[in-house]
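> One predicted model, sequence on top.
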Amino acid sequence: MPRIVREATVVWEGTVSRGSGVVGAESSGAFALPVTIASRIGDPGGKTSPEELLAAAHAACFVTSFGSELARAGTPPEQLQVACTVTLDDVDGVGHRIVTSAISARGTAPGADAASFTEAADAADADCPLSALIRASATVTIDATLEGGA
């Protein structure tokens, strides 16, 4: 795989406590999302946060890896639904840190059984660069359920 480089920017106006910013996907132009400190520590109010963006990125990374693993096993998926919950918490003596990223995957893959589906999910986790990055300082969990399988 060739080296991949992507870029994002944030333009912030005002103080951290009362200001706001826009997170933009510079490489693709795919999004420009509002962000505030309130959306990070309280009610999102229609704005995003770094933790939500990490959850989205982890889910997207995992689903593409998972689909590839299922296809490699000869059971390409018809549909995959992946949710990711990232938890930021106060760690004694360290401060605020990402402590968990929990992936929940559901899907259909003709020819797969529950065991092979779980095996593909585990392989996808091992191959997902964001799982590896998060696992360096936090816990990553995977819950994979085959729907309508053998």
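The structure has been received and is ready for your questions. Numbers count the residues shown, from 1 in each chain.

> And Ala8, how close does it get to Ile134?
Computed as Cβ to Cβ, to the nearest Å, the Ala8 to Ile134 distance reads 18 Å. Where you see a C-beta, it was placed from the backbone N, CA and C, and this is true even at glycine.

> higher neighbour count, the two?
More crowded of Ala8 and Ile134, by other Cβ atoms under 10 Å: Ile134, with 21 against 13.

> which SSE is the nearest residue to the more buried one once chain neighbours are set aside in?
Among residues not flanking Ile134 along the chain, Ser101 sits closest, at 4.8 Å (Cβ to Cβ, 6 or more residues apart in numbering). Per DSSP states H and E, Ser101 falls inside strand 95-108.

> what comes up buried for the helix or strand following that strand?
Using DSSP H and E, the helix or strand that follows strand 95-108 in sequence is helix 114-127. For helix 114-127, the buried set under the neighbour-count rule, 16 or more other Cβ atoms under 10 Å, comprises 116-121, 123-125, 127.

> same question, stretch 18-30
Of all the residues in stretch 18-30, those buried under the rule 16+ other Cβ under 10 Å are 21-24.

> got the CA coordinates for that stretch in CSV?
Extracted in CSV, the C-alpha atoms of stretch 18-30 (Å, rounded to 0.1, in the frame of the first residue of the first chain):
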residue,chain,number,x,y,z
ARG,A,18,-16.6,31.1,24.6
GLY,A,19,-15.3,30.7,21.1
SER,A,20,-16.0,28.3,18.4
GLY,A,21,-14.3,26.7,15.4
VAL,A,22,-14.8,24.8,12.2
VAL,A,23,-13.0,21.5,11.6
GLY,A,24,-12.4,21.0,7.9
ALA,A,25,-11.4,18.1,5.7
GLU,A,26,-8.7,19.7,3.7
SER,A,27,-7.7,16.7,1.6
SER,A,28,-11.2,15.8,0.4
GLY,A,29,-13.3,18.8,1.1
ALA,A,30,-15.9,16.3,2.4
